[in-house]
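[1] compute the structure for the input listed below.
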Amino acid sequence: MNTYWNKPAETMAREEMANVQAGRLKEIIARLYRQQPFYRSKMQTEGLLAEDIVTLADIEKLPFTTKQDMRDNYPYGLFAVPMSEIIRIHASSGTTGRPTVVGYTKRDIGIWSEVAARSLVSAGLSRQSCIQVAYGYGLFTGGLGIHYGAELLGASVIPISSGNTARQIMLMKDFGTTALACTPSYALYIAETMREMGIDPRETSLKAGIFGAEPWSERMRLEIEAQLGIKALDIYGLSEIIGPGVAIECCVQDGLHVHEDHFYPEIINPLTGEVLPDGEKGELVLTTLTKEGMPMVRYRTRDLTVLYREKCACGRTLVRMSKVLGRSDDMLIIRGVNVFPSQVESVLLGIGETSPHYQLIIDRKDNLDFLTVLVEVTDEMFSDEVRGLEELEGKIKAELASVLNVSAAVRLVGPKTIERSEGKAKRVIDKRQL
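    Have a look, this model is predicted:
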């Protein structure tokens, strides 16, 4: 039986939730205007005072915050409390520039632990669970976020971090792991390594997977569930907001429940900034309603999704978001056509005759863009006759052209040709930027 479920918050009536959100929004804006020069300056530029934010609808008056704002204020310019109150610092990898830095007070860590624990219970875990956390530990928020939530839940935690896959599998068997937390691409790599080691995942105690940190399709979920014999659940979070635990699927697997008493979601048109109604696809914008160390107001996540508010079959009334459908800033524009890696993944998994590993290579010749999709075939297919490979290549090419509305070259490559990742998979190599 689950022992950690914040039923009052997770089953609150919609009108009551809106009142809670409005009160918390008003309070945090007043505090930021008083204590945080960056937000005060942004509001004054828009001609806003703190007292102009009274109702939940007033949030649309507030300007957006972006990742560039975080970089411009590196490292501590967005902190809203003195450094003496910051007990934890996390940061992004900084691979595309300065890292984005986030700070947490003791209360923030408590809130993070609480929403992570809620998330694990939504996924069907309990204090009897044994959770192997194979997200990275350190400045990345993934490992510690799930870790603290699992400890608050009272579950057993294996803080193994990522890497050393054979050892991961050995300990998974020996320790009786019942839930695996990692990126979905690493879960597939673990399944592949299990097969090579002659281990049947169904002979382990593994029952569930908590997967996130990168977009993944519904077809990829089915692939993971089939290969590992588990229920694969999507968890969503980002360090700028708090880390993993912003939203998660429950066992119904019908959208991710957003813990909206702490994080207020909006969907906007990524080109115009216009707020879109429920049911329309757009960019997710989040406002933290309870964070102390570094509150974020209308943060543009760049993640594309859909919101809907119908009560879930699990009993929760929290707003739900669809699986992330792509990213507005990861979108590839090839000959004027918008292309997302997730579209390619969906095609490949739908055909089902290749492995789930692929890579997109974009190049430019004579001012014209060319897309090549590397697709890794299975051992069985690789040993097949050339004619069979040519037919498969043609089949993939035709399906991609139909879905993407742009032609792509398809190159089948041998097993293990595409580099595996213990973290986020590197799906795109854009030589136009090199």
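[2] wait, what's in contact with residue 432?
    362-364, 369 (CB atoms under 8 Å, 6 or more residues apart in numbering). Every C-beta, even on glycine, is put in place using the N, C-alpha and C of the backbone.
[3] actually, residue 304.
    Contacts of residue 304 by CB under 8 Å, 6+ apart are 270, 281-284, 324-328.
[4] rewinding a little: just the buried members of the contacts of residue 432?
    362, 369 (16 or more other CB atoms under 10 Å).
[5] which one of the contacts of residue 432 is nearest residue 204?
    Nearest to residue 204 among those: residue 362, at 39.5 Å, using CB to CB.
[6] do I have it right that that closest one meets residue 334?
    Yes: at 6.4 Å, residue 362 and residue 334 qualify as touching, with contact defined as CB atoms under 8 Å.
[7] what's the closest of the contacts of residue 432 to residue 22?
    residue 362 (45.2 Å).
[8] so how far is residue 359 from the residue lying closest to the closest one once chain neighbours are set aside?
    Ranked by CB to CB, 6 or more residues apart in numbering and with sequence neighbours excluded, the top spatial neighbour of residue 362 is residue 430, at 4.8 Å. Computed as CB to CB, to the nearest Å, the residue 430 to residue 359 distance reads 11 Å.
[9] please apply the same query to residue 285.
    Counting by CB to CB, the gap from residue 285 to residue 359 is 31 Å.
[10] these two: who's more crowded?
    residue 285 (24 against 21; other CB atoms under 10 Å).
[11] where does the nearest residue to that one once chain neighbours are set aside fall, helix, sheet strand or coil?
    Excluding its sequence neighbours, the residue lying closest to residue 285 (CB to CB, 6+ apart) is residue 266, at 4.3 Å. Three-state assignment for residue 266 (DSSP: H, G, I helix; E, B strand; the rest coil): strand.
[12] return the residues in contact with residue 166.
    Counted by CB under 8 Å, 6+ apart, residue 166 has contacts 193, 197.
[13] before we move on, back to that, take the contacts of residue 432 and lay them out in CSV including secondary structure.
    Output for the contacts of residue 432, formatted as CSV (three-state DSSP):
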residue, secondary structure
362, strand
363, strand
364, strand
369, strand
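[14] could you point out which element follows the helix or strand bottoming out on mean pLDDT in the chain?
    Using mean pLDDT, DSSP states H and E, the weakest-scoring helix or strand in the chain turns out to be helix 379-382, at a mean of 74. Counting by DSSP states H and E, the element after helix 379-382 in chain order, helix or strand, is helix 386-404.
[15] that older thread, the least confident helix or strand of the chain: which residues count as buried?
    In helix 379-382, counting by 16+ other CB under 10 Å, buried: residue 381.
[16] tell me how far that helix lies from the chain's centre.
    In this view, helix 379-382 has its centroid 32 Å away from the chain centroid, taken as CA atoms, centre = their mean, to the nearest Å.
[17] what's that helix packed up against?
    Applying 3 or more CB pairs under 8 Å, 6 or more residues apart in numbering; DSSP states H and E, we find helix 379-382 packed against helix 386-404.
[18] so how far is the helix it packs on off the chain centroid?
    30 Å.
[19] alpha carbons of it, as PDB, please.
    Written as PDB, here are the backbone C-alpha positions of helix 386-404 (Å, rounded to 0.1, in the frame of the first residue of the first chain):
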ATOM      1  CA  VAL A 386      21.600  -7.200 -49.600                       C
ATOM      2  CA  ARG A 387      18.200  -7.100 -51.400                       C
ATOM      3  CA  GLY A 388      16.400  -7.300 -48.100                       C
ATOM      4  CA  LEU A 389      18.400  -4.400 -46.700                       C
ATOM      5  CA  GLU A 390      17.700  -2.300 -49.800                       C
ATOM      6  CA  GLU A 391      14.000  -3.000 -49.500                       C
ATOM      7  CA  LEU A 392      14.100  -1.900 -45.900                       C
ATOM      8  CA  GLU A 393      16.000   1.200 -46.700                       C
ATOM      9  CA  GLY A 394      13.500   2.200 -49.400                       C
ATOM     10  CA  LYS A 395      10.600   1.500 -47.000                       C
ATOM     11  CA  ILE A 396      12.000   3.700 -44.300                       C
ATOM     12  CA  LYS A 397      12.800   6.500 -46.800                       C
ATOM     13  CA  ALA A 398       9.300   6.500 -48.200                       C
ATOM     14  CA  GLU A 399       7.700   6.600 -44.700                       C
ATOM     15  CA  LEU A 400      10.000   9.400 -43.600                       C
ATOM     16  CA  ALA A 401       9.100  11.400 -46.700                       C
ATOM     17  CA  SER A 402       5.400  11.000 -45.900                       C
ATOM     18  CA  VAL A 403       5.700  12.000 -42.300                       C
ATOM     19  CA  LEU A 404       8.400  14.700 -42.500                       C
END
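[20] now for that helix, which elements pack on it?
    Using 3+ CB pairs under 8 Å, 6+ apart: helix 386-404 touches helix 341-351, strand 368-376, helix 379-382, strand 409-413.
[21] quick check: angle from it to helix 341-351?
    Per axes from the mean of the first three to the mean of the last three CA atoms, to 10 degrees, the angle that helix 386-404 makes with helix 341-351 is 130 degrees.
[22] pull out the buried residues from helix 386-404.
    392-393, 396, 399-400, 404.
[23] same check on stretch 276-289?
    276, 282-289.
[24] let me know the average pLDDT across it.
    The pLDDT scores in stretch 276-289 average 97.
[25] from now on call the first residue 15
    With the count now opening at 15, the last piece we talked about shows up as stretch 290-303.
[26] run the chain-centre distance for it.
    With CA atoms, centre = their mean, you get 15 Å for stretch 290-303.
[27] and that stretch, end to end?
    21 Å (CA to CA, to the nearest Å).
[28] related to what we said a few turns ago, out of the buried residues of stretch 290-303, which comes closest to residue 29?
    residue 303 (16.7 Å).
[29] shouldn't the closest one be in contact with residue 39?
    Yes: checked against CB under 8 Å, the pair residue 303 and residue 39 is within contact range at 6.1 Å.
[30] all helices for the stretch 165-314 of the chain, in order.
    In the stretch 165-314 of the chain, the helices defined using DSSP state H, counting those that start in this stretch lie at 179-189, 198-210, 232-242.
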